[in-house]
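Chemist: Structure for this input, please:
(one chain, ligands or ions: 2)
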Amino acid sequence: MTKYVYSFSEGTKEMKSLLGGKGANLAEMSIIGLPVPPGFTITTQACTDYYKQNKELWSELLDEIKSKLAELEQTMGKKLGDKSNPLLVSVRSGAVFSMPGMMDTILNLGLNDESVEGIATAMNNPRLAYDSYRRFIQMFADVAMDVPKYKFEAILERTKEQKGYHYDTELSADDLKALVAEFKAVYKLEIGQDFPSDPFEQLLMAVRAVFNSWNNPRAITYRRLNDIPHDLGTAVNVQSMVFGNTGDKSGTGVAFTRNPSTGENKLFGEYLINAQGEDVVAGIRTPQSIDTLKDNMPAVYDEFIRITQLLEDHYKDMQDIEFTVEDEKLYILQTRNGKRTSQAAVNVAVDMVEEGRISKEEAVLRIEPERVNELLHPKFEDKALKAAHLLAKGLPASPGAAAGKVYFNAEDCVAANSKGERTLLVRLETSPEDIEGMVAAEGILTARGGMTSHAAVVARGMGKCCVAGCGSIRVDERAGFFKVGDITVKEGDYISLDGSTGSVYLGEVERVEPKLSGKFETLMTWVDGMRRLKVRTNADTPKDARLAVDFGAEGIGLCRTEHMFFEAERIPAVREMILAQSLEARMTALAKLLPMQREDFIGIFQAMGERAVTIRLLDPPLHEFLPREEKDIIELAKAMSIHVDDLKARVEELQEFNPMLGHRGCRLAVTYPEIYAMQAQAIIEGAIAVKKEGIDVKPEIMIPLIGSVKELAYVKSIVTEVADDIIAKSDVKLEYLVGTMIEIPRAAITADEIAKEAEFFSFGTNDLTQMGFGFSRDDANKFLGEYEEKGILEKDPFQVLDQAGIGKLVKMGCELGRSTNPHLHLGICGEHGGEPSSVEFCHRIGLDYVSCSPFRVPVARIAAAHAALKEKSGEQVRDK
Ligand code: PEP
Ligand code: MG
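Modeler: Numbering: from 1, shown residues only. Ligands and ions are numbered 1, 2, ... in the order given. Got it, this is the predicted structure:
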């Protein structure tokens, strides 16, 4: 028979998939003898079975819960709902991967009108009893039954105001008792039923609520954003309560064994005296730094330090620990590997290698490739920052420099972002409902909350800039503005946030590219020693090329020459070339372009030194260059000395219904060989000039959009004829390669033939995805969202390589190509070349390199190292 419920003493940290992260760690801590309040975990399998049973709890499960509860009651010497000395429990969700957005916690479960008196007597503290009761009603109603929190908070605020109190702690037992009655009335009004008084019924309702929360929209969004499978289910942890709110020798807090923002090896945390857990996270009162615990309760502090060190040693990673002190007795309620910024992730990983805790391989595996991207992003320019108007200072909750227009709720942020605006989300405090807005925003600013508030934790997890607890701003979310002194910042106004200092600036402060150094470099040296796959970049200008080299690019895998044609002073000559009615007229236009192209290539060769440079000949549909505006047509007609009407007719003639499948790529060279001839000339002459400067260049000339070997043979002959002729006439010995992109399915299928004419292949997975799926690259996003929502596609195939289909074409292309040309060099230059799961795939199928945009180069380097390490350890690499 399946076992669905485990006491903490029955589990271990290895049982994460069954007990969830929280449950497995509670079990582990219990086993190693830490002071964990006893309890039990209902498994993730119970959750998945609950969905199979049409969301009903079945009798075997109920029996098991009852029997574990009885065990717990026996251990504690207390009974749930008892009139004299009742057991109270907390109920928390706990998935395999920690997931904000799901039901989090219900505390004080088991209270009713009778047991509350029991608590009052047993603890000799009526205030505590009624404070716990009113919290329970509010939390149960909010997290289990979806009654909005503010309905209760409004009553609490009104009572405080009437009584002239400032803090919740000033409420007396009688005040709290009156609140309980009012809260119950709200519950009845909202739900249409009395607040449940039977503690076992409360427990089952809470268990059901946890299971249901697995599939609430926020949780689904979070899983989608974080690649967490939807079928894992969540566990439920039922734990006996300890009280942080019994008085001044009690409290509750959260601590990280190292600083989660910077990675500094120093305990970092905060706590509140006389409070329960949710007070810290909700950020209603501003907590004290953990250091002050030393003075408040020295013995508890020493014990806590001992335990934090023990936990870090045990888990060999930075821990995020929740604790409660009840009358000077310390309890540990949770430990988990702490969420951290990417900067902290790198620093902690490198430090832990140096401390001898983990291996270099483990350190590298701990760095999520995607997240290093955050380290490469801009910082505020020093001078601009000094000149900027400092509006306010909050807590430096998550580093980064963000500037954008302010919006006061998640929906507006998402809407503005989809129009291409850079946005900042400004809130009193955030909650899981804000998740989509937080994703859309460049940065987050909250008026309330500490370093462990929702905004801070989630922003750090996402690597987003966040300033939290900025108490000097007065936010009116509904009216859409905030005020600092007499300055008002309205919706749509620009501000800038510095998440490393907590500063908030008026207006948009200029930003600059960062320099990588220190521990990041150390880590990247390890990364490079572990990977086989080379990493090149897609760059069209010397500036981009230099940036990519700084980021570790080992060559250029794709230089799109058409980008050079778009510059303002060139476009007239390009248009002349396209619209020319005769060879002679076209040659005149090409002659104007030749020196410019030559200079482009010289600049790029110089920037790349002796690294490989792959230059792709002209690719896009010609209509992209055609003049649209009347005034451009008139000007061009003048320059070409032809009649405006003739020019218009020619423009018309060149329009295509399906330009992406039209006259583009190598097809242009079939009809106008002189275009590729000019480009080949510019490349070879540029290379000769640079070679004369002492740089040993070996250009790789790439022909796009090939579909058949004969097409390649023909186009290649245009290139080689020009190139060989120039080299023969020069006094320089220059080698060059000619290869092709594989981006049309037919090319992949006939790659054995094509490889006979090519020295290298570069898979253009953007077009290969477009043509393989038959999805227009430019329009598919109009419907792909629905495909993802309806589970037809797991991911946007233009971002994440569809390994099963398009990937199969790539694999086939490699195998067929190498079967006839064993020396064929293989790479990829579609956007997928910088996406971690696609990079891992490229490693597995044996490509020589991936090529991606400069900022993705470090991401690809780490992903390539992960692929090699996983292969070595025999781990099945995740297929997406
Ligand atoms: C591709 O198709 O994958 C490619 C790299 O070329 P482009 O994006 O320029 O079409
Ligand atoms: Mg392409």
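Chemist: which stretches of the stretch 251-400 of the chain have low pLDDT?
Modeler: For the stretch 251-400 of the chain, residues meeting the criterion pLDDT under 70 lie at 278-285.
Chemist: Can you give the distance from the longest helix anywhere in the chain to the centre of its chain?
Modeler: Counting residues, the longest helix in the chain under DSSP state H turns out to be helix 583-608. Chain-centre distance of helix 583-608: 41 Å, with CA atoms, centre = their mean, to the nearest Å.
Chemist: For it, name the packing helices and strands.
Modeler: helix 542-550, strand 555-560, helix 562-565, helix 571-579, strand 612-616, helix 673-692 (3 or more CB pairs under 8 Å, 6 or more residues apart in numbering; DSSP states H and E). Every residue, glycine included, has its C-beta placed from N, CA and C.
Chemist: how does it look with 7 Å?
Modeler: helix 542-550, strand 555-560, helix 571-579, strand 612-616, helix 673-692 (3 or more CB pairs under 7 Å, 6 or more residues apart in numbering; DSSP states H and E).
Chemist: and the longest one, what's its mean pLDDT?
Modeler: When you say that, I think you mean helix 673-692. Helix 673-692 carries an average pLDDT of 97.
Chemist: State the next helix or strand along the chain beyond the helix or strand bottoming out on mean pLDDT in the chain.
Modeler: The least trusted helix or strand in the chain, going by mean pLDDT, DSSP states H and E, turns out to be helix 277-282, with a mean of 64. Counting by DSSP states H and E, the next helix or strand C-terminal to helix 277-282 is strand 288-289.
Chemist: which residues make contact with that next one from outside it?
Modeler: 270-271 (CB atoms under 7 Å, 6 or more residues apart in numbering).
Chemist: Now do the buried residues in the next helix-or-strand element following that strand.
Modeler: For strand 288-289, the following helix or strand on the C-terminal side (DSSP H and E) is helix 293-296. Within helix 293-296, the residues scored as buried using 16 or more other CB atoms under 10 Å are 293, 296.
Chemist: Who are the packing partners of helix 293-296?
Modeler: Using 3+ CB pairs under 7 Å, 6+ apart, helix 293-296 is in contact with helix 298-315.
Chemist: Which strands and helices lie in contact with the helix it packs on?
Modeler: Helix 298-315 sits against helix 293-296, strand 319-326, strand 329-337, with contacts defined as 3+ CB pairs under 7 Å, 6+ apart.
Chemist: Please save the CA atoms from that helix in CSV.
Modeler: This file holds the C-alpha atoms of helix 298-315, laid out as CSV (Å, rounded to 0.1, in the frame of the first residue of the first chain):
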residue,chain,number,x,y,z
PRO,A,298,23.0,36.2,24.1
ALA,A,299,22.5,32.4,24.8
VAL,A,300,19.9,32.1,22.0
TYR,A,301,22.2,34.0,19.7
ASP,A,302,25.2,31.7,20.4
GLU,A,303,23.1,28.6,19.8
PHE,A,304,21.7,30.1,16.6
ILE,A,305,25.2,30.8,15.3
ARG,A,306,26.2,27.2,16.1
ILE,A,307,23.2,25.8,14.2
THR,A,308,23.7,28.1,11.2
GLN,A,309,27.2,26.9,10.8
LEU,A,310,26.3,23.3,11.3
LEU,A,311,23.6,23.6,8.6
GLU,A,312,25.9,25.2,6.1
ASP,A,313,28.5,22.5,6.7
HIS,A,314,25.9,19.9,6.4
TYR,A,315,24.3,21.1,3.2
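Chemist: Nothing else from me, thank you.
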